[in-house]
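Asker: Sequence first, predicted model second:
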Amino acid sequence: MGIGRREFLRLTGLALAGLAIDPLKAVAINDNIYVNKKLGILFEKPSDWGFVAVKDFGKIKSEQVIGVGLDETAEEIWEELGDPICITTKYFQDKPEYKGVFSPTITLNITPKQELEYLGHETFEELMEMSEYGVSHLLKDFKVIKRYDPLLISNCKFYEYDAEYLFEHIEINKPLKVELKVLKAEHNGFYYDFNCHQSKTQNQIADVEFEKFKWSIKLI
């Protein structure tokens with residue numbers, strides 16, 4: 001259902017107050033607030049985190065080691081998954097002291113429903129099961145740890161679960177256990193997929209930030 005166009009525009013106006021932007025521009029960022037008027041979404045990132053530039057998405061993908069599907073290469077899988085709409089991460093600056101350190105991260109993927117019609121699913125729940133199966137082939141030792149009852153965020157039904165996997169990266173000597181909180185919603189012809197990553201093994205914990213972020217989400 002969402003919060004409605006009028007309320008979304010009101011919140012957008014407040015979030016971008018004082019910011020000189022092109023009124024035709026779809027995406028705007030003001031300090032911690034991200035607004036995508038075309039896709040009808042607004043949220044607030046953790047205050048000391050940064051947004052990753054779109055031009056750097058390719059570098060991020062090239063450095064993470066992922067599994068492969070039955071008949072696909074890693075490059076083909078990345079192409080099929082598509083780039084996130086937005087990435088925000090704790091250690092966003094490229095500094096030597098961050099090398100080998102896992103950075104708590106939130107990614108957002110938004111997919112038009114018609115792009116996934118070929119999968120043949122009848123319900124959103126079936127699509128989520130298919131998604132989990134696919135992810136289990138990409139991320140080492142991926143498994144769901146806890147599922148929550150559906151909840152309302154911004155008057156929309158969200159599904160939430162916790163998972164874990166072994167993160168493999170060219171700057172980390174051995175696979176690192178990572179905890180993942182997933183939030184998914186179907187709304188206005190789109191699938192929204194938020195993924196919140198942290199690593200308790202490296203004491204890179206962001207439970208408080210993830211919870212605050214979750215309730216900042218606004219959908220039109």
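Answerer: Done, it's in.

Asker: so which helix or strand takes in N173?
Answerer: Under the criterion DSSP states H and E, no helix or strand holds N173.

Asker: Let me know the pLDDT of it.
Answerer: pLDDT recorded at N173 is 88.

Asker: OK, contacts around the closest residue to it other than its chain neighbours?
Answerer: Computed as CB to CB, 6 or more residues apart in numbering, the closest residue to N173 that is not its neighbour in sequence is G100, at 7.6 Å. Heads up, the C-betas are built off the backbone N, CA and C, glycines and all. G100 makes contact with E171, I172, N173, according to CB atoms under 8 Å, 6 or more residues apart in numbering.

Asker: which residue ranges form the strands in the protein?
Answerer: All strands of the chain, identified by DSSP state E, fall at 27-30, 33-36, 41-44, 50-51, 64-65, 86-89, 105-112, 140-147, 151-153, 156-169, 176-187, 190-198, 218-219.

Asker: export the ones you listed to a markdown table and tack on mean pLDDT, mean neighbour count and distance to H121?
Answerer: Below are those laid out as a markdown table (pLDDT from 0 to 100; neighbours: other CB atoms under 10 Å; distance: least, CB to CB, whole Å):
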| stretch | mean pLDDT | mean neighbour count | distance to H121 |
| --- | --- | --- | --- |
| strand 27-30 | 86 | 16 | 29 |
| strand 33-36 | 92 | 20 | 26 |
| strand 41-44 | 95 | 22 | 23 |
| strand 50-51 | 94 | 15 | 32 |
| strand 64-65 | 79 | 16 | 27 |
| strand 86-89 | 94 | 22 | 25 |
| strand 105-112 | 94 | 19 | 13 |
| strand 140-147 | 95 | 13 | 18 |
| strand 151-153 | 96 | 14 | 22 |
| strand 156-169 | 96 | 17 | 14 |
| strand 176-187 | 97 | 20 | 11 |
| strand 190-198 | 96 | 21 | 11 |
| strand 218-219 | 94 | 22 | 22 |
